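Student: I need the structure of the sequence given here:
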Amino acid sequence: MNAILVPVDGSTNALHATNYAIAQAKHIRGRVHLLNVQLLPDTYRTVREYLAAPPNRELTARRANAILKPAAARLQRARVPHHVHIIYGDIAPTIVQAARRLKCESIIMGTRGLGPIRNLLLGSVATKVIHLAKAPVTLVK
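Tutor: Below you'll find the model as predicted:
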C-alpha cells in the first residue's frame, strides 16, 4: 500500500498539507502517516536537568497529541487510513528518517512562509527536508 508522510507542527499550513494528503491518499488508495517531532530539550545546567525524564516526556507527548488531533480528525472524517507518530529528535533529519523507516513514497508538508531573507538566515525545516530526503517532497502553503 502506498504511504504518505505528513509532518504536523500545529500550523495552518500543516492542516493544508493534511488536506492535500487526503486527496492524494484517496487518489492512490494509500495511507497517511501523521508525524509530530518533539525536540529533545537541552537540559544541561538548567532547571529541566532536574526534572525526571518521564514527566518531561509526558508533557511533550500531551503537547504532540494536541498538535496531531486536528489533522487526525480530518483523516478520520475522510475515512483515509492513517497512523499517528510522535518521535523525539532534531526535526528535519527525524522527518526524513521516519519517511524511510515507514517506507513512505512521499512527504507532504506545510511551509511556515518565513520569506526568502529569513529563510536564508535561519534556514527552514522544509529546506532541510528537501535536501535530505530521497522521496519526493511536496510543500503546501
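
Student: name the single longest helix found in the chain.
Tutor: Counting residues, the longest helix found in the chain (DSSP state H) is helix 53-78.

Student: who are the packing partners of that one?
Tutor: helix 12-28, strand 31-38, strand 82-88 (3 or more CB pairs under 8 Å, 6 or more residues apart in numbering; DSSP states H and E). Heads up, the C-betas are built off the backbone N, CA and C, glycines and all.

Student: the ones you listed into a markdown table, with extra columns for mean neighbour count and distance to Ile95?
Tutor: Output for those, formatted as a markdown table (neighbours: other CB atoms under 10 Å; distance: least, CB to CB, whole Å):
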| stretch | mean neighbour count | distance to Ile95 |
| --- | --- | --- |
| helix 12-28 | 18 | 12 |
| strand 31-38 | 23 | 6 |
| strand 82-88 | 17 | 9 |
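
Student: in JSON lines: these, plus mean pLDDT and distance to Ile67.
Tutor: Listed next are the helices and strands packed on helix 53-78 as JSON lines, based on pLDDT from 0 to 100; distance: least, CB to CB, whole Å:
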{"stretch": "helix 12-28", "mean pLDDT": "97", "distance to Ile67": "8"}
{"stretch": "strand 31-38", "mean pLDDT": "97", "distance to Ile67": "5"}
{"stretch": "strand 82-88", "mean pLDDT": "97", "distance to Ile67": "9"}
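
Student: nearest to Lys134, of those?
Tutor: Nearest of the helices and strands packed on helix 53-78 to Lys134, taken as CB to CB: strand 31-38 at 16.1 Å.

Student: quick one: the closest one to strand 82-88, angle?
Tutor: Computed by axes from the mean of the first three to the mean of the last three CA atoms, to 10 degrees, the angle separating strand 31-38 from strand 82-88 equals 20 degrees.

Student: next SSE downstream of the one helix or strand in the chain whose mean pLDDT sits lowest?
Tutor: Lowest by mean pLDDT, DSSP states H and E among the helices and strands of the chain is helix 116-122, with a mean of 53. Per DSSP states H and E, the first helix or strand lying C-terminal to helix 116-122 is helix 125-132.

Student: what residues sit buried inside that next one?
Tutor: Buried positions in helix 125-132, judged by neighbour count with 16 or more other CB atoms under 10 Å: 125-130.
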